[in-house]
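**Student:** I'll drop the sequence and a predicted model, then ask my questions.
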Amino acid sequence: MKDVVGIGALNLDLLYEVEDLKVLQEGGPFCAGGETSLPPMEFTKFLGRVSQVGTLRFRSAGGSAANTVVALARMGFKTGFVGRVGADEEGAFILQEMERADLSQVKRGGKSGICLAVLDRQRDRALLVQPHVNDSLRYEDMDLPYLSSTRYLHLSSFVGEGPLEASKQLMKSLPTGVRVSMDPGEFYARRGLKEVLPLIQRSSILFATAHEILTLTGKDDYRAGCKEILSLGPEVVVCKMGEEGAYLSSKERGMEFHPQGEAEVVDNTGAGDVYNAGFLAGLLLGRPLNDCLAFAHQVAAKSLGDYGRKRYPDAGDLKAIQR
């Protein structure tokens, strides 16, 4: 039995650095902290513009659920992944970077997804995604017996309609013994509660930033947003607030976590996904929720110290929550 199986996009992340994101924001799709998508030709044109004003610092495999699964695999948990990747050089690289995760349920064909991540000197970050083959994932690609033999199924967002509808269909047939965790990201948050309701209703845990919770619920206070999401089905809602910590809402109580000290930030791409991995690791080990929050912050802060997945947690880090 797997501990966690992820369903989400598999991307090639291209990390560029620029002096100031504002040089790309004028008339363009970028905004600091935001995530968006463009049609293929416009994406290629914008990539050319970024390569003219920025410096390519790193090339890494990415995708929200994929990052979470890789971090859990490095810590020693049994993981798998369901998704689509291109039959190209980028696809081979992405699969190689998935390390110990079981990839028997990953289909190949077409062009691989690309995520353009741009950081500026203030470490503000913007993401631009071209999903390519990720958006062709369908319910028929999801092997129900395989997905029924995991303790947790972790979902993240897609750009297109097809994979969202496939995930909704899966929620109807997934056995109740499989716990679902979900990170809607900005793409699903922008769709609003109504469009992603079947996923939220089936989730035991929902991870989101404060901005995503406000966007998803239309509330002007993240605590009120967490309360509304909690009323729809999840047992726990974790509101991630970066260096300010986190707020957890459960049916029993609300809980705040405030970290001590500051982390060095080289690359914050994927830090929230590592946070999800740390929290799930704590749950898999049967730790109380406050320990899960503290460990999630610890491993996410560590991941900020280098590019891509270089500083993702490993089995040594797991000892901190096992003491």
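**Tutor:** Sure, I can see it.
**Student:** isn't there a strand covering Val237?
**Tutor:** Yes. Counting by DSSP: H, G, I helix; E, B strand; the rest coil, Val237 is found in a strand.
**Student:** that one and Glu212, how far apart?
**Tutor:** Distance, Val237 to Glu212, using C-beta to C-beta, to the nearest Å: 11 Å. The way it works is simple: take the backbone N, C-alpha and C, and place the C-beta from them, glycine included.
**Student:** and if you look at Arg84?
**Tutor:** Counting by C-beta to C-beta, the gap from Arg84 to Glu212 is 24 Å.
**Student:** where does the prediction get shaky in this structure?
**Tutor:** Counting by pLDDT under 70, the ranges of the chain that qualify are 25-30, 32.
**Student:** tell me the centre residue of it?
**Tutor:** Ser64 (2.6 Å; C-alpha atoms, centre = their mean).
**Student:** isn't it up against Ala271?
**Tutor:** No. Between Ser64 and Ala271 there is no contact under C-beta atoms under 8 Å: 11.1 Å.
**Student:** strands of the protein, residue ranges please.
**Tutor:** With DSSP state E as the criterion, the chain has strands at 2-7, 11-17, 35-37, 55-62, 79-85, 102-108, 113-119, 125-130, 150-156, 179-183, 205-209, 236-240, 246-250, 254-257.
**Student:** which elements pack onto the fifth one?
**Tutor:** Strand 79-85 is packed against strand 2-7, helix 64-74, helix 89-96, strand 102-108, helix 144-147, with contacts defined by 3 or more C-beta pairs under 8 Å, 6 or more residues apart in numbering; DSSP states H and E.
**Student:** pairing partners for that strand, with directions?
**Tutor:** Paired neighbours of strand 79-85 in the sheet (DSSP bridges): strand 2-7 (parallel), strand 102-108 (parallel).
**Student:** about what we covered before: most tightly surrounded among the helices and strands packed on strand 79-85?
**Tutor:** Of the helices and strands packed on strand 79-85, the one with the most neighbours on average (mean count of other C-beta atoms under 10 Å) is helix 64-74, at a mean of 28.
**Student:** quick one: the residue located most distally from the centre of the chain and Tyr312, what's the gap?
**Tutor:** Each residue of the chain has a distance to the centre, and by C-alpha atoms, centre = their mean the biggest one is for Gln52: 28.6 Å. Separation of Gln52 from Tyr312 (C-beta to C-beta) stands at 31 Å.
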